[in-house]
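S.K.: Sequence isn't available, so here's the structure alone:
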């Protein structure tokens, strides 16, 4: 009886060891299968090309050093930037919170006042445009005018027309011809001025048909086209040629409330949307990339009021976050 019990215990131990070994082997095989399926992409996944354009958060301008070693150096913070433009390493920022036009030098992290806007503009500047000679235009919407200053801040010309210009929201100059385009959010057209400041005509009218606008919010100029963004209407972004003829509209419902638009040298368009604080990239009217969302983290925004594209960098006036975000634009080879 003692030998039988011993044999039973020996058999029982052997069975347990065999069972545990089988469980361990099965676990290893399952883990290997999972690892293999995770690492190896499917043929469809491998065939998906990268987007034509990629956007990467690159830098944040929230202020800069002001003064010098003689007068003392202090750190100045932006309060409510509403318009931005750039020329190389120089970034021009209209800060409605401080009523100042700043020049920010990216190389030295230095901030200096270009012009005190108190008493110069009536309300918030809705757009700034830097010309090739470093003169600049300010859209003073509440006063119904656009102010043109030289690089030293001396007034060159005032674009004001009580009959034809009600609320300028965007301004752009053609560097080759000196033609000035001013988008009017009141009359819903784009006024065209020659280099002498004389009104030559208008692009578009108010309405909801192709080539008509309802509530213009922003404008940009391409090589031979004018891009117009609106608050209302079936098509929120339309493209017109410089003669005023309708060319195309962006995909319907792809943007709800466009607040700013810029166009690169290849006709790609970058549009900000007030409704979700995103930036979308369009090619031939279709969305190919987007970034952003509401928030204060890098790459998130709270009320985008203006954008400017220069040398592969997209400058975004992130107004309620009190900063200008710099986005790197990468064109992917396909």
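M.R.: Cool, the structure landed. Here the structure is a predicted model, which is why all the values come from computation and not from measurement.
S.K.: Is it correct that residue 219 is in contact with residue 170?
M.R.: Yes: the criterion here is C-beta atoms under 8 Å, and residue 219 meets it with residue 170 at 4.0 Å. Quick note: C-beta positions are derived from backbone N, CA and C, even for glycine.
S.K.: Compare the two (neighbour count), which wins?
M.R.: More crowded of residue 219 and residue 170, by other C-beta atoms under 10 Å: residue 170, with 30 against 27.
S.K.: So for the more buried one, what's the pLDDT?
M.R.: At residue 170, the pLDDT value in this model is 98.
S.K.: The one 10 residues further on too?
M.R.: For residue 180, the model assigns a pLDDT of 98.
S.K.: ok, now the one 4 residues further on?
M.R.: Residue 184 carries a pLDDT score of 98 in this model.
S.K.: mind giving me the domain ranges of this protein?
M.R.: 2-47, 53-331 (automatic domain parsing).
S.K.: list the residues that contact both of residue 219 and residue 170?
M.R.: residue 183 (C-beta atoms under 8 Å, 6 or more residues apart in numbering).
S.K.: related to what we said a few turns ago, let me know which of the domains of the chain is tucked in deepest.
M.R.: domain 53-331 (a mean of 18; mean count of other C-beta atoms under 10 Å).
S.K.: quick one: it to chain centroid distance?
M.R.: 10 Å (C-alpha atoms, centre = their mean, to the nearest Å).
S.K.: What is the end-to-end distance of it?
M.R.: Terminal residues of domain 53-331 lie 5 Å apart, using C-alpha to C-alpha, to the nearest Å.
S.K.: what do you get for stretch 94-104?
M.R.: End-to-end distance (C-alpha to C-alpha), stretch 94-104: 11 Å.
S.K.: what sits up against that stretch?
M.R.: Contacts of stretch 94-104 (C-beta under 8 Å, 6+ apart): 61, 64, 78-84, 90-93, 110-118, 124-125, 128, 136, 138, 319, 322, 324.
S.K.: Please list the members of those residues that lie in strands.
M.R.: Counting by DSSP state E, these place 61, 64, 81-84, 90-93, 110-116, 125, 128, 136, 138, 324 in strands.
S.K.: List the residues that contact the closest residue in space to residue 320 that isn't next to it in sequence.
M.R.: Leaving aside its chain neighbours, residue 320 sits nearest to residue 302 (3.8 Å; criterion: C-beta to C-beta, 6 or more residues apart in numbering). Going by C-beta under 8 Å, 6+ apart, residue 302 touches 277, 294-296, 318-321.
S.K.: run the last query once more with 10 Å
M.R.: By C-beta atoms under 10 Å, 6 or more residues apart in numbering, the contact set of residue 302 is 277, 294-296, 318-323.
S.K.: Ok, residue 145 next?
M.R.: By C-beta under 10 Å, 6+ apart, the contact set of residue 145 is 121-122, 138-139, 158-162, 165, 167-168, 182.
S.K.: wait, residue 297 sits on residue 57?
M.R.: Yes: under the criterion of C-beta atoms under 10 Å, residue 297 makes contact with residue 57 at 9.0 Å.
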